[in-house]
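Asker: I need the structure of the sequence given here:
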Amino acid sequence: PSLYPEYYLNAFHYQTDGWMSTDSANVYETSTETLFLGRQDAMQRLSLAPLVQYSKLRKDKSKPMKILEVACGTGRFMTFIRDNLPDTECTAVDLSPFYLDKARDNDTYWRKTRRQADNLDKNDIKPLRLVQANAEKLPFEEGSFDAVVCVYLYHELPREARAKASAEMSRVLKKDGLLVLTDSIQHGDRPILDANIGNFEKMNEPYYVDYTQDNLPAH
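Answerer: Predicted coordinates:
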């Protein structure tokens, strides 16, 4: 079977080439900042608070906290994680080889900047571990991570894929671990918006309406 599911090949929010080109990866940050009126970074940073809080409350601090980001895209949010939790062991997965290349570039730039700012040696900050993988079949053993974070993936998945991705993230998470799922609001979250929430589907988001009506905890 193909590495890329049929749904994955859609050009979500009319992103040029979908997820399958260097050009797409290079313009992603600009296009999404434009789409969300300059709020993209702020929206992503909502996921930081529970990660930082969990790191402080962990009972066993003898080993570094291990964090997995699923569908990391360009890796920009992972630089936010590493800025705030510098002593963690981080792994990021994405299905697009082009976006993984961009994430590698962002990580290289981030490490260079941090070394200069903190006067660190070249080997003091390890490169981010990047893995090409489908969220529906993560290549990690059960209970591998203290925390798993996933930002803006679920609204671009069919319901069956959402269920499989949820099962996989649960599988690789430790029993007392933390799962952070950040995405669009759903029906009922802000009732005043319910009548128009489905309009985002017009941005070539074929699974968005179903996402807004899906009972995510049931997965």
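Asker: residues of the helix or strand of the chain with the lowest mean pLDDT that come out buried?
Answerer: For the chain, the helix or strand with the lowest mean confidence is helix 40-44, at a mean of 86 (criterion: mean pLDDT, DSSP states H and E). When neighbours are counted by 16 or more other C-beta atoms under 10 Å, the buried residues of helix 40-44 are found to be 40, 44. Where you see a C-beta, it was placed from the backbone N, CA and C, and this is true even at glycine.
Asker: Convert the C-alpha atoms of the following helix or strand past it to PDB, please.
Answerer: Note on helix 40-44: by DSSP states H and E, the next helix or strand toward the C-terminus is helix 48-57. The C-alpha trace of helix 48-57 is given here as PDB (Å, rounded to 0.1, in the frame of the first residue of the first chain):
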ATOM      1  CA  LEU A  48       2.900  24.900  26.000                       C
ATOM      2  CA  ALA A  49       1.200  25.600  29.300                       C
ATOM      3  CA  PRO A  50       0.100  22.000  30.000                       C
ATOM      4  CA  LEU A  51       3.500  20.600  28.900                       C
ATOM      5  CA  VAL A  52       5.400  23.000  31.300                       C
ATOM      6  CA  GLN A  53       3.000  22.300  34.100                       C
ATOM      7  CA  TYR A  54       3.300  18.500  33.700                       C
ATOM      8  CA  SER A  55       7.100  18.800  33.600                       C
ATOM      9  CA  LYS A  56       7.000  20.400  37.100                       C
ATOM     10  CA  LEU A  57       4.600  17.800  38.500                       C
END
